[in-house]
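Engineer: sequence? don't have it. structure:
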């Protein structure tokens with residue numbers, strides 16, 4: 001029976017014969033011996049030592065099956081265990097021109113992403129991401145929320161028409177979904193608190209370290225809630241995901257050189273900071289915004305927060321914060337206005353610490369059909385495209401709200417990744433749609 005590297009690395013196996021299948025991760029040939037680092041199908045690595053003539057035809061990424069005796073040697077890489085090889089079966093000798101070496105440009109690694117996924121960095125990142133998704137699901141299940149699936153081919157915008165991907169849907173024009181939110185709202189009337197994990201698409205012409213054209217969107221919606229109810233759900237969910245991921249993926253985070261001291265301290269409550277206070281803080285720091293003509297001016301009330309302003313706000317923080325009370329003019333048409341504070345939306349963004357910025361956005365949804373229709377028209381959208389959505393306000397509307405969390409942005413913060421493209425296996429940006 002073939003074992004994996006992690007199963008072999010044990011003092012109980014010393015002196016025993018084992019078999020492992022995998023790929024040649026690193027290869028060093030000396031006069032008498034060949035030192036072969038074998039990567040198994042879980043991304044773990046162990047060294048196998050063969051007489052050099054037996055491994056003569058091997059190349060990097062050749063697929064093999066090795067059988068030998070386990071020994072313990074402090075000099076052996078990857079944990080001090082190695083296999084003294086006896087038998088070697090070769091499934092495929094990889095081409096000698098394998099393009100992924102120890103040091104490569106970021107562009108080449110993106111061009112050859114299908115091969116770069118085999119690197120230890122990408123393996124570690126994929127495992128962290130898997131844990132984030134797993135613990136996100138567990139939190140909702142444990143707290144009685146129902147998982148649902150919304151369509152990704154839609155007729156209307158959620159986050160503004162300028163960032164829609166158009167497509168031909170038989171004889172009609174349709175779009176790729178920017179968010180499952182509108183459909184989740186429809187489901188709360190019969191299923192109660194619901195959540196989904198679906199791809200969302202934004203045709204933003206942004207070349208930044210935190211923007212993707214396609215991303216994984218964890219969204220939730222519930223009836224009979226207040227804004228504070230929603231914020232509590234968000235901070236409990238994020239804290240749960242982080243604490244458990246840090247525990248389960250300690251080895252991967254260590255490989256990625258992520259100091260987890262601050263992550264281990266992330267727990268509710270997160271600070272709620274009013275938008276007007278945020279503007280005052282940024283003004284006191286002399287923060288400037290860039291206008292469409294390229295000129296700069298001092299930030300002022302009514303400006304939406306940008307990547308730069310969020311970075312300035314959070315660069316010295318150790319826990320996430322909520323910015324609450326945005327002007328409703330900078331928020332989408334579905335945001336409910338605060339009845340006690342005209343012009344202010346009942347919405348909040350969660351900003352990750354240390355400059356990572358917004359990772360989730362949520363709040364209460366407008367539940368009055370007249371106000372909603374007015375807002376839709378004001379956004380330059382066609383109310384006819386939202387007939388079914390307006391029906392939710394016509395037939396038994398209730399106070400309700402929810403949020404959307406960007407998985408890649410959360411993973412970027414957890415792993416301290418410089419670029420969000422490293423947090424997804426096959427990134428899609430405005431300049432990249434392959435492989």
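Structural biologist: Thanks, I have the structure now. Because the structure is a prediction, the values reported are computed rather than measured.
Engineer: Please settle this for me: is residue 375 part of a helix?
Structural biologist: Yes: assessed by DSSP: H, G, I helix; E, B strand; the rest coil, residue 375 belongs to a helix.
Engineer: give me the number of residues near the spatially closest residue to it that is not a sequence neighbour?
Structural biologist: Closest residue to residue 375 apart from its sequence neighbours, by C-beta to C-beta, 6 or more residues apart in numbering: residue 333 at 4.0 Å. In this view, the C-beta of every residue, glycine as well, is placed from N, C-alpha and C. Close neighbours of residue 333, defined as other C-beta atoms under 10 Å, add up to 23.
Engineer: who touches residue 333 in this structure?
Structural biologist: The contact partners of residue 333, taken as C-beta atoms under 8 Å, 6 or more residues apart in numbering, are 366, 372, 375, 376, 378, 379, 381.
Engineer: please redo it, this time with the cut-off set to 7 Å
Structural biologist: 375, 376, 379 (C-beta atoms under 7 Å, 6 or more residues apart in numbering).
Engineer: likewise residue 36?
Structural biologist: Residue 36 touches 24, 27, 48, 50, 55, 58, counting by C-beta under 7 Å, 6+ apart.
Engineer: Would you mark the buried spots in stretch 330-344?
Structural biologist: Residues of stretch 330-344 classed as buried: 331, 332, 333, 334, 335, 336, 337, 338, 344 (neighbour count, 16 or more other C-beta atoms under 10 Å).
Engineer: Reformat the residues you listed as a markdown table; add pLDDT, distance to residue 350 and secondary structure.
Structural biologist: As requested, these are exported to a markdown table (pLDDT from 0 to 100; distance: C-beta to C-beta, whole Å; DSSP: H, G, I helix; E, B strand; the rest coil):
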| residue | pLDDT | distance to residue 350 | secondary structure |
| --- | --- | --- | --- |
| 331 | 95 | 15 | coil |
| 332 | 93 | 17 | coil |
| 333 | 93 | 21 | coil |
| 334 | 96 | 18 | coil |
| 335 | 97 | 16 | strand |
| 336 | 98 | 18 | coil |
| 337 | 97 | 21 | strand |
| 338 | 97 | 19 | coil |
| 344 | 97 | 18 | strand |
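Engineer: Pipe those into TSV and attach distance to residue 405 per row.
Structural biologist: Shown next, in TSV, are the buried residues of stretch 330-344 (distance: C-beta to C-beta, whole Å):
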residue	distance to residue 405
331	17
332	16
333	21
334	17
335	17
336	20
337	24
338	23
344	23
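Engineer: which among these gets closest to residue 44?
Structural biologist: residue 332 (44.8 Å; C-beta to C-beta).
Engineer: Who wins on neighbours among the contacts of residue 36?
Structural biologist: Result: residue 48 is most packed of these (other C-beta under 10 Å), 26 neighbours.
Engineer: which residue sits closest to it, ignoring its sequence neighbours?
Structural biologist: Nearest residue to residue 48, sequence neighbours excluded (C-beta to C-beta, 6+ apart): residue 83, at 4.3 Å.
Engineer: Surely that neighbour is in a strand?
Structural biologist: Yes: applying three-state DSSP, one finds residue 83 inside a strand.
Engineer: Quick check: it touching residue 73?
Structural biologist: No: judged on C-beta atoms under 7 Å, residue 83 makes no contact with residue 73 at a distance of 10.8 Å.
Engineer: Quick one, grab the pLDDT at residue 384.
Structural biologist: For residue 384, the pLDDT comes out at 91.
Engineer: quick one: contacts for residue 287?
Structural biologist: Applying C-beta under 7 Å, 6+ apart, we find residue 287 in contact with 299, 309, 312.
Engineer: And the helices in the stretch 51-200 of the chain, which stretches?
Structural biologist: Counting by DSSP state H, counting those that start in this stretch, the stretch 51-200 of the chain has helices at residues 106-111, 113-116, 120-142, 181-191.
Engineer: The stretch 251-400 of the chain too?
Structural biologist: Using DSSP H, counting those that start in this stretch, helices in the stretch 251-400 of the chain cover 275-284, 307-314, 369-378, 387-394.
Engineer: closest to residue 101 out of the ones you listed?
Structural biologist: Of the helices of the stretch 251-400 of the chain, nearest to residue 101 by C-beta to C-beta is helix 307-314, at 32.8 Å.
Engineer: orientation of the closest one relative to helix 275-284 in degrees?
Structural biologist: 90 degrees (axes from the mean of the first three to the mean of the last three C-alpha atoms, to 10 degrees).
Engineer: what helices or strands is helix 307-314 leaning on?
Structural biologist: helix 275-284, strand 347-352, strand 357-364 (3 or more C-beta pairs under 7 Å, 6 or more residues apart in numbering; DSSP states H and E).
Engineer: now those as CSV including mean neighbour count and distance to residue 386?
Structural biologist: Listed next are the helices and strands packed on helix 307-314 as CSV, based on neighbours: other C-beta atoms under 10 Å; distance: least, C-beta to C-beta, whole Å:
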stretch, mean neighbour count, distance to residue 386
helix 275-284, 16, 27
strand 347-352, 25, 19
strand 357-364, 23, 18
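Engineer: Contact partners for residue 67?
Structural biologist: Under the criterion of C-beta under 7 Å, 6+ apart, the neighbours of residue 67 are 17, 19, 86, 87.
Engineer: any idea how far residue 79 is from it?
Structural biologist: Residue 67 sits 20 Å away from residue 79, going by C-beta to C-beta, to the nearest Å.
Engineer: hmm, back to that, which of residue 83 and residue 73 has more residues huddled nearby?
Structural biologist: residue 83 (26 against 12).
Engineer: need the contact list for residue 40.
Structural biologist: Contacts here follow C-beta under 7 Å, 6+ apart; on that basis residue 40 touches 4, 5, 20, 22.
Engineer: what's near enough to touch residue 161?
Structural biologist: Residue 161 sits next to 380, 381 when contact means C-beta under 7 Å, 6+ apart.
Engineer: quick one: pLDDT of it?
Structural biologist: At residue 161, the pLDDT value in this model is 74.
Engineer: And for residue 30?
Structural biologist: 93.
Engineer: Look at it and say how many residues are nearby.
Structural biologist: As a burial measure, residue 30 scores 9 neighbours (other C-beta under 10 Å).
Engineer: Tell me how many other residues surround the closest residue to it other than its chain neighbours.
Structural biologist: Excluding its sequence neighbours, the residue lying closest to residue 30 (C-beta to C-beta, 6+ apart) is residue 52, at 6.8 Å. Look at residue 52: counted by other C-beta under 10 Å, it has 14 neighbours.
Engineer: Hmm, residue 33 and residue 52 touching each other?
Structural biologist: Yes: Residue 52 is within contact range of residue 33, at 5.8 Å (criterion: C-beta under 7 Å).
Engineer: tell me which helix or strand of the protein sits lowest on mean pLDDT?
Structural biologist: Lowest mean confidence among the helices and strands of the chain (mean pLDDT, DSSP states H and E): strand 288-290, at a mean of 90.
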